[in-house]
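**Q** Everything below, folded, please.
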Amino acid sequence: MAADLTDFALALAAAEPACVPSATFFPEDGVLDSVRSALERDAREFKVHAQVGGFDLREPILDAAWGLLTDACVPVVVHVGSGPVPRIGFTGPDKLEGVMRRHPNLTAVVAHLGMPEYAEFLGLAEQYPRLHLDTTMAFTDFFEAVAPFPSNLLPRLAALGDRVVLGSDFPNIPYPYAHQLEALERLRDREPRLDDGWLRGACWFNGLRLIGD
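**A** Prediction:
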């Protein structure tokens, strides 16, 4: 299934130049060859969802693939936070920490700011200079009702301004797309350093630096 998803995503990007060539992988026989093949076909980002896929990022069979992606400097979006529903054994900051400890230069992007383990994933980003956080659903009214982002963590988020990137999950969201942007813009009312410069980085320049033109 992972190979089929990668084939579909790369074919879509080839047909639609506005799409970023993307890929995925799974802890199974042949995973290293699959990742190498995707890179050879110009994949510029990968995504893995430990919660949906039901696997531990630290599984030994993935180690060489993480190493290959580290060397290639290709970003990997990882959904490994325990929200919206924890999956014991597969989610939590310790899973990504184990990977980063072995591959400290991996360009990882934590989906949903790691919701609800915000503080723990912020700590990992502070420790590993190529670890990023994405804003998917974060700070929206929908997310704040179930897993509010603690105000005392906002200064730390501001300090990581060059490693926060816009995420949306559009169109699979229960609110208008613009609300994600509005939710980020109103953060300045809670932390002045989350200003226009921070927004420009998060909403455009940081992501552009990760995936290129």
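
**Q** Determine the longest helix present in this structure.
**A** helix 2-15 (DSSP state H).

**Q** Can you name the residues in contact with the helix or strand just after that helix?
**A** For helix 2-15, the following helix or strand on the C-terminal side (DSSP states H and E) is strand 22-23. Strand 22-23 has contacts (CB atoms under 8 Å, 6 or more residues apart in numbering) with 5-6, 9-10, 13, 35, 38, 43-47. Bear in mind the C-beta positions are built from the backbone N, C-alpha and C, glycine included.

**Q** For strand 22-23, which strands pair with it and how are they oriented?
**A** Strand 22-23 has the following strand partners under DSSP bridges: strand 45-49 (parallel).

**Q** I'd like to check the angle between the partner strand and helix 2-15, please.
**A** 140 degrees (axes from the mean of the first three to the mean of the last three CA atoms, to 10 degrees).

**Q** What average pLDDT does strand 45-49 get?
**A** The predicted model assigns strand 45-49 a mean pLDDT of 98.

**Q** pLDDT score for the residue of the chain most remote from its centre?
**A** Residue farthest from the centre of the chain, counting by CA atoms, centre = their mean, is D189 at 25.5 Å. D189 is assigned a pLDDT of 97 by the prediction.

**Q** Check D195 too.
**A** 97.

**Q** re the thing from before, ok, now how distant is the residue farthest from the centre of the chain from N152?
**A** Here the criterion is CB to CB, to the nearest Å. By it, D189 lies 16 Å from N152.

**Q** what's the longest helix of the chain packed up against?
**A** The contact analysis (3 or more CB pairs under 8 Å, 6 or more residues apart in numbering; DSSP states H and E) places helix 2-15 against strand 22-23, helix 31-40.

**Q** One more pass at 6 Å, please.
**A** Of the remaining helices and strands, none touches helix 2-15 by 3 or more CB pairs under 6 Å, 6 or more residues apart in numbering; DSSP states H and E.

**Q** Please state the offset of it from the chain centre?
**A** On the basis of CA atoms, centre = their mean, to the nearest Å, helix 2-15 sits 19 Å off its chain's mean C-alpha point.

**Q** State the mean pLDDT of that helix.
**A** Here the average pLDDT along helix 2-15 is 97.

**Q** who touches it?
**A** Identification of contacts with helix 2-15 by CB atoms under 6 Å, 6 or more residues apart in numbering yields 19, 21-26, 34, 38, 41.

**Q** Out of those, who's the most crowded?
**A** Among the contacts of helix 2-15, A23 has the most neighbours (other CB atoms under 10 Å), with 27 neighbours.

**Q** gap between that residue and F139?
**A** 29 Å.

**Q** got it, and P129?
**A** 24 Å.

**Q** Specify which residue of these two has the higher count of neighbours.
**A** Counted by other CB under 10 Å, P129 and F139 do not tie: F139 has more neighbours, with 22 against 12.

**Q** wait, isn't the more buried one in contact with E182?
**A** No - using CB atoms under 6 Å, F139 is not in contact with E182, being 9.2 Å away.

**Q** what residues are up against E126?
**A** Going by CB under 6 Å, 6+ apart, the list of residues near E126 is empty.
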